[in-house]
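K.L.:
below are the sequence and a predicted model; questions follow.
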Amino acid sequence: MGIVLKDLKSFLETLPCVREEGGNHTKYILRVNGRVVAWTLYSRSWRNSTQIDDSIISKQAKQMKCSSNVLWKRLLTGQASKEEYFRDLLDHRHIDHDEYRALCAIENIPPTR
């Protein structure tokens, strides 16, 4: 079975994201120290059981600045941790060390770097 909307929502809601309800879409925005780091959205017409196509998964991974579709899928299925995601953002220079530590502090995760 593939990834469904419930998987995406479950992961995004564990992050310190702001959720915005727009006209036809629900948007999640990850801000660190007031700066938008990443964002993604999905159609409000989708239900929790809606299967998400691989092309959409790939697009959402890019929007959320995740370096690989494999890591993104692991995050959505609970096989990778938020700390791995934060580390990926740091490693690919989407956030700096201070922002990494801030994210880890918000989530009560001991930073590994």
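P.N.:
Ah, there it is. Residues are numbered from 1 along each chain as shown.
K.L.:
quick check: the residue of the chain positioned farthest from its centre vs residue 39, distance?
P.N.:
No residue in the chain sits farther from the centre than residue 23, which is 21.4 Å out by Cα atoms, centre = their mean. Taking Cβ to Cβ, to the nearest Å as the measure, residue 23 falls 16 Å from residue 39. Where you see a C-beta, it was placed from the backbone N, CA and C, and this is true even at glycine.
K.L.:
now residue 8
P.N.:
Counting by Cβ to Cβ, the gap from residue 8 to residue 39 is 13 Å.
K.L.:
which one's more surrounded, these two?
P.N.:
Neighbour count, other Cβ atoms under 10 Å: between residue 8 and residue 39, residue 8 has more, with 23 against 17.
K.L.:
so that one sits right up against residue 52, yeah?
P.N.:
Yes: the criterion here is Cβ atoms under 8 Å, and residue 8 meets it with residue 52 at 6.5 Å.
K.L.:
identify the contacts common to these two.
P.N.:
Shared contacts of residue 8 and residue 52, defined by Cβ atoms under 8 Å, 6 or more residues apart in numbering, comprise 42, 60.
K.L.:
residue ranges with poor pLDDT in the protein?
P.N.:
For the chain, the stretches with pLDDT under 70 are 1, 111-113.
K.L.:
repeat that with 90
P.N.:
Applying pLDDT under 90 to the chain flags the ranges 1-3, 22-23, 33, 42-51, 101-113.
K.L.:
so which residues of it form strands?
P.N.:
Remark: strands assigned in the chain by DSSP state E are 17-21, 25-32, 35-43.
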